[in-house]
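Student: Next one to model:
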Amino acid sequence: MNFALMKQNADEAVDFIRLGVDLGVDSITFSHLVIESWEMREWSLIYDPPAMNRLFATLREEAAKTHIPVLVPDDLAGNVELFDGEAREEVHYHGQCGAATGPWSFLLPTGDLFVCGNL
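Tutor: Okay, the predicted model is just below:
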C-alpha cells in the first residue's frame, strides 16, 4: 500500500499502518507529495520540516510494532533551504540537462530529488 503524505491527511497516516496490518499487506510505503502545481505547495509537509520530521518519527515508531516492511522517507535536514520564490510565468525547454542521468523530475519516495527532466 502507498500513501502520499500531505497536510490534509497527515493525521490519518498512523491509522494507515494499522489498516495495512489488518488487511495483511506485504508492505507500506510513505512518500512526499509530488508538487505538480504552484497551489499544491500549500498541501506539502516539506515546507514545515519540524512537523514533517515529527510525523516521520511517529510513523517509524508505529512501523516498529508491525511485522511488515514500512518505508518512511528520511528526515529533512535542518540546513535545507526550500524554494519559496515567485512562480515563473513561462518555462522554456533548453535541451537535456547534463546534471542528471535518469528520467526523473520529481521527489521519489526515498527522498531523492531529481531536478532534471531527462525523459
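
Student: give me phi/psi at N2?
Tutor: Torsion angles at N2 (phi, psi; degrees, to the nearest 10) stand at phi -120, psi 150.

Student: OK, contacts around it?
Tutor: N2 is in contact with I28, T29, F30, S31, P109, counting by C-beta atoms under 8 Å, 6 or more residues apart in numbering. C-betas here are computed from N, CA, C, even on glycine.

Student: Contacts only, for the closest residue in space to S44 that isn't next to it in sequence.
Tutor: Among residues not flanking S44 along the chain, L33 sits closest, at 5.0 Å (C-beta to C-beta, 6 or more residues apart in numbering). By C-beta under 8 Å, 6+ apart, the contact list for L33 reads A4, L5, M6, M40, W43, S44, L45, I46.

Student: Let's see the pLDDT reported for L33.
Tutor: pLDDT recorded at L33 is 85.

Student: Could you check how far it is from L45?
Tutor: 7 Å (C-beta to C-beta, to the nearest Å).

Student: Next, the buried residues of the helix ranked longest in the chain.
Tutor: In the chain, with assignment by DSSP state H, the single longest helix is helix 49-63. Using 16 or more other C-beta atoms under 10 Å as the test for burial, helix 49-63 gives M52, N53, L55, F56, L59, E62, A63.

Student: Torsion angles phi and psi at the nearest residue to the last one once chain neighbours are set aside?
Tutor: Distances taken as C-beta to C-beta, 6+ apart place V70 nearest to A63, at 3.5 Å, with adjacent residues excluded. Recorded main-chain torsions at V70 are phi -130, psi 120, according to degrees, to the nearest 10.
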